[in-house]
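Visitor: Have a look at this prediction, sequence included:
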Amino acid sequence: MKIREVALKKLIYGSIGGSAVFLFALLLSFTVFAGRILDTSLTRGLGNLRERLGADIAVVPKGSETGYQGILLSGEPVECSMDRSLEDELRSMDGIEEVTPVIYLASLNASCCSVPIQIIGYDPETDFVTSPWISEDYSLQLGNGDLIAGANIALDGNNTLTFFGRTYDVKARLNRTGTGMDKSVYVTFDVMEQMIADAREKGIEFGDGSDAGITDRYVSAFLIRVEDGADADVIAGRISRNSLVSVVQSKNMISSVTDGIGIISKILTIITWIMEIIVTLVTAILSVFRVNARRKEWAVLRMMGASESWILRLILLENIIMSCAGAVLGIILASLAVFPFSVNVADAIGLPYYGPGLPGIIKVSLLSILITLISGALPGIIAGAKAGKTDCYVLMRDGEN
């Protein structure tokens, strides 16, 4: 009988305590897989955020810095306005290459949504942030009147959305980015003008309360791209002299997000190492205990001609089989715990979160299995070496007792 058949029969029919090895392997695999998926998703989300920012500086109303970052990171709806007359002053500043205004409007409940949605209005004539990646995703020329929905926006059966009592057709849906952009709807200023007028009828004020031309006088932010070689810090400091506005630099926001992801990554790494050490030690103790409890079995095998290496390979194979089974089930359970609730995870941590594709999942799965097998194989080698040294006289001595 081949050694793998003996190992399988022992695991299936024998009472050798292998379930404990299986359980600890499952816990380790679950931890490694879930931790690596979370770490990878945060890293990819940060990459998407960096690619999509587009602007070096954002000028927002005083006190709206947190709200602006919330839009980008988690899609938290915010609404703010300031006088658009600042635009000419910004365009005349040395070192500024481009300026584009945007409007942020928080909707009431959309027809198919239980929470408000962030509506982002952009000016097609000056925009250099939103239009490029929308066009890149869809290879189409967007015009006035188009409505684009983020990946996490639920549409009704007619592919429409309703805002402030008016229904709009959705022309396209953006690919997932793992950022707050997935929870936003994008419209040009002509559509935003209509939305603001409808919003006033629902009790939501924007600007000075006038009914027409509101986007010509009020906006929510100015996005700025600085010239090559220009010092963004100097330009930001110059803009900050205006007491009515605040400045958010993209590099500072990226830095804070990177720091947050770095902390989470370190915590996940520490947890993984702790789990691996604990599982390895506990599995080693369990394996030695199992070896001692099966002394007669080893003596019989030695009397039948089994070598020390054969017994070592048998115990090692038993541990590998149980560890592999635990690793696979751990990955399955971790997948059920992580992937269906990825949006909730992103909301809970408040950071960009973009899960890996199939190749990434396979890579993390193989890594989880490898780490789990190592934690099961090392104790198996130790226990196998101890069992292989069992002499035949052990059987006779135990029989005399």
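Guide: Ah, there it is.
Visitor: Quick check: Val248 vs Tyr168, distance?
Guide: Taking CB to CB, to the nearest Å as the measure, Val248 falls 29 Å from Tyr168. Any C-beta I mention is one placed from the backbone N, CA and C, and that applies to glycine too.
Visitor: tell me the contacts of Ile371?
Guide: Counting by CB atoms under 8 Å, 6 or more residues apart in numbering, Ile371 makes contact with Leu28, Ser29, Val32, Thr272, Glu276.
Visitor: okay, the residues you listed in JSON lines with secondary structure next?
Guide: Shown next, in JSON lines, are the contacts of Ile371 (DSSP: H, G, I helix; E, B strand; the rest coil):
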{"residue": "Leu28", "secondary structure": "helix"}
{"residue": "Ser29", "secondary structure": "helix"}
{"residue": "Val32", "secondary structure": "helix"}
{"residue": "Thr272", "secondary structure": "helix"}
{"residue": "Glu276", "secondary structure": "helix"}
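Visitor: Export those as JSON lines, with columns for neighbour count and pLDDT.
Guide: As requested, the contacts of Ile371 are arranged in JSON lines below (neighbours: other CB atoms under 10 Å; pLDDT from 0 to 100):
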{"residue": "Leu28", "neighbour count": "27", "pLDDT": "91"}
{"residue": "Ser29", "neighbour count": "31", "pLDDT": "93"}
{"residue": "Val32", "neighbour count": "28", "pLDDT": "93"}
{"residue": "Thr272", "neighbour count": "19", "pLDDT": "88"}
{"residue": "Glu276", "neighbour count": "17", "pLDDT": "86"}
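Visitor: And the helices in the stretch 201-350 of the chain?
Guide: Residue ranges of the helices in the stretch 201-350 of the chain, as given by DSSP state H, counting those that start in this stretch, are 214-217, 232-239, 250-293, 295-303, 308-338, 342-349.
Visitor: Please identify the most buried of those.
Guide: helix 308-338 (a mean of 20; mean count of other CB atoms under 10 Å).
Visitor: Show me what that helix is packed against.
Guide: Under the contact criterion of 3 or more CB pairs under 8 Å, 6 or more residues apart in numbering; DSSP states H and E, helix 308-338 touches helix 3-13, helix 18-53, helix 250-293, helix 295-303, helix 358-388.
Visitor: Make a markdown table from the ones you listed and add distance to Leu86 to it.
Guide: Output for those, formatted as a markdown table (distance: least, CB to CB, whole Å):
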| stretch | distance to Leu86 |
| --- | --- |
| helix 3-13 | 73 |
| helix 18-53 | 21 |
| helix 250-293 | 19 |
| helix 295-303 | 84 |
| helix 358-388 | 44 |
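Visitor: Let me know which of the ones you listed is the nearest to Ser64.
Guide: helix 250-293 (13.6 Å; CB to CB).
Visitor: Figure out how far the closest one is from the centre of its chain.
Guide: Relative to its parent chain, helix 250-293 has a centroid offset of 18 Å by CA atoms, centre = their mean, to the nearest Å.
Visitor: repeat for stretch 323-336
Guide: With CA atoms, centre = their mean, you get 20 Å for stretch 323-336.
Visitor: Other residues contacting it?
Guide: 21-31, 33-34, 37, 283, 365, 368-369, 372-373, 375-377.
Visitor: Next: stretch 30-47.
Guide: Here stretch 30-47 has contacts from 177-179, 254, 257-258, 261, 264-265, 268-269, 271-272, 275-276, 330-331, 333-335, 337-338, 342, 345-346, 349, 351-356, 360-361, 364-365, 367-368, 371-372, using CB under 8 Å, 6+ apart.
Visitor: got the buried residues for that stretch?
Guide: The neighbour-count check on stretch 30-47 (16 or more other CB atoms under 10 Å) flags 30-46 as buried.
Visitor: same question, stretch 61-77
Guide: Those would be 61, 64, 67-77, for stretch 61-77 by 16+ other CB under 10 Å.
Visitor: end to end, how far does that stretch reach?
Guide: Taking CA to CA, to the nearest Å, stretch 61-77 runs 16 Å from one end to the other.
Visitor: Please apply the same query to stretch 181-191.
Guide: Terminal-residue distance, stretch 181-191 (CA to CA): 19 Å.
Visitor: what does stretch 169-176 give?
Guide: Per CA to CA, stretch 169-176 runs 20 Å from first to last residue.
Visitor: next one: it to chain centre, how far?
Guide: Distance, centroid of stretch 169-176 to centroid of chain: 21 Å (CA atoms, centre = their mean).
Visitor: for it, what is the average pLDDT?
Guide: When pLDDT is averaged along stretch 169-176, the result is 80.
Visitor: what's the single longest strand in this structure?
Guide: strand 96-109 (DSSP state E).
Visitor: helix or strand right after it?
Guide: strand 116-122 (DSSP states H and E).
Visitor: name the helices or strands packed onto that next one?
Guide: If contacts are counted by 3+ CB pairs under 8 Å, 6+ apart, strand 116-122 sits against strand 96-109, helix 130-138, strand 160-163, strand 184-188, helix 189-201.
Visitor: could you redo the last one with a cut-off of 10 Å?
Guide: In terms of contacts (3 or more CB pairs under 10 Å, 6 or more residues apart in numbering; DSSP states H and E), strand 116-122 is packed against helix 65-74, strand 96-109, helix 130-138, strand 147-149, strand 160-163, strand 184-188, helix 189-201.
Visitor: For Ile239, which of these is the nearest?
Guide: strand 96-109 (9.1 Å).
Visitor: Give me the buried positions along the closest one.
Guide: Ile96, Glu98, Val99, Thr100, Pro101, Val102, Ile103, Tyr104, Leu105, Ala106, Ser107, Leu108.
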